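**Student:** pasting the sequence and the predicted coordinates here, then a few questions.
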Amino acid sequence: LANTRTTITNPIIAFVMWNMNFHAEHHLYTTIPFHNLPKAHSYLRPHLKHISTDGYIGVHLKTLRYWISDQRDALQSAVNNITNKKRAE
C-alpha cells in the first residue's frame, strides 16, 4: 500500500485508538479485528511502503515541512515565471 501509512506509537495511544495506528494493515485487511492488527503488522511490515516510527507528532511535523517546502517551491516558480515574462517584453 502506497497511499496510507502505519505509525508506530506508544501502547497507550495504540490502545486508545483501537490499534488504528496500524492503518495500512487495516486498509489491506478490513475484516481483521483491531486486537489482531499488531500481529498482522508483524507479517506485513516487510511489504509496507510507509512506516513511521516518529509517532503522530513526528508524522505531522514531517507532513508540515513537506507542505511548506512545496508551497515555497510553487511561489518561487511563480515569481520566476513573472520575472521571465517581464524580461521578454
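**Tutor:** It's in.

**Student:** which residues of this structure fall in strands?
**Tutor:** Counting by DSSP state E, the chain has strands at residues 6-7, 51-52.

**Student:** quick check: the gap between the residue most central in space within the chain and Asp73.
**Tutor:** For the chain, the residue nearest the mean C-alpha position is Arg5 (5.3 Å; CA atoms, centre = their mean). Separation of Arg5 from Asp73 (CB to CB, to the nearest Å): 23 Å. Every residue, glycine included, has its C-beta placed from N, CA and C.

**Student:** so who does Gly58 touch?
**Tutor:** By CB atoms under 8 Å, 6 or more residues apart in numbering, the residues touching Gly58 are Ser52.

**Student:** same question for Ser42.
**Tutor:** If you count contacts by CB under 8 Å, 6+ apart, Ser42 has none.

**Student:** which residue ranges of this protein form helices?
**Tutor:** 11-16, 23-28, 37-44, 55-88 (DSSP state H).

**Student:** need those in JSON lines (columns: mean pLDDT).
**Tutor:** Below are the helices of the chain laid out as JSON lines (pLDDT from 0 to 100):
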{"stretch": "helix 11-16", "mean pLDDT": "92"}
{"stretch": "helix 23-28", "mean pLDDT": "94"}
{"stretch": "helix 37-44", "mean pLDDT": "96"}
{"stretch": "helix 55-88", "mean pLDDT": "91"}
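
**Student:** okay, those, which one's buried deepest?
**Tutor:** helix 23-28 (a mean of 19; mean count of other CB atoms under 10 Å).

**Student:** that helix: how far from the chain's middle?
**Tutor:** Here the centre of helix 23-28 is set off from its chain's centre by 13 Å, with CA atoms, centre = their mean, to the nearest Å.

**Student:** using PDB, write out the CA atom coordinates for that helix.
**Tutor:** Only the C-alpha atoms of helix 23-28 are listed here, as PDB (Å, rounded to 0.1, in the frame of the first residue of the first chain):
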ATOM      1  CA  HIS A  23      -3.600   1.900   9.300                       C
ATOM      2  CA  ALA A  24      -2.100   0.200   6.300                       C
ATOM      3  CA  GLU A  25      -2.900  -3.200   7.700                       C
ATOM      4  CA  HIS A  26      -6.400  -2.100   8.500                       C
ATOM      5  CA  HIS A  27      -7.000  -0.900   4.900                       C
ATOM      6  CA  LEU A  28      -5.400  -4.000   3.400                       C
END
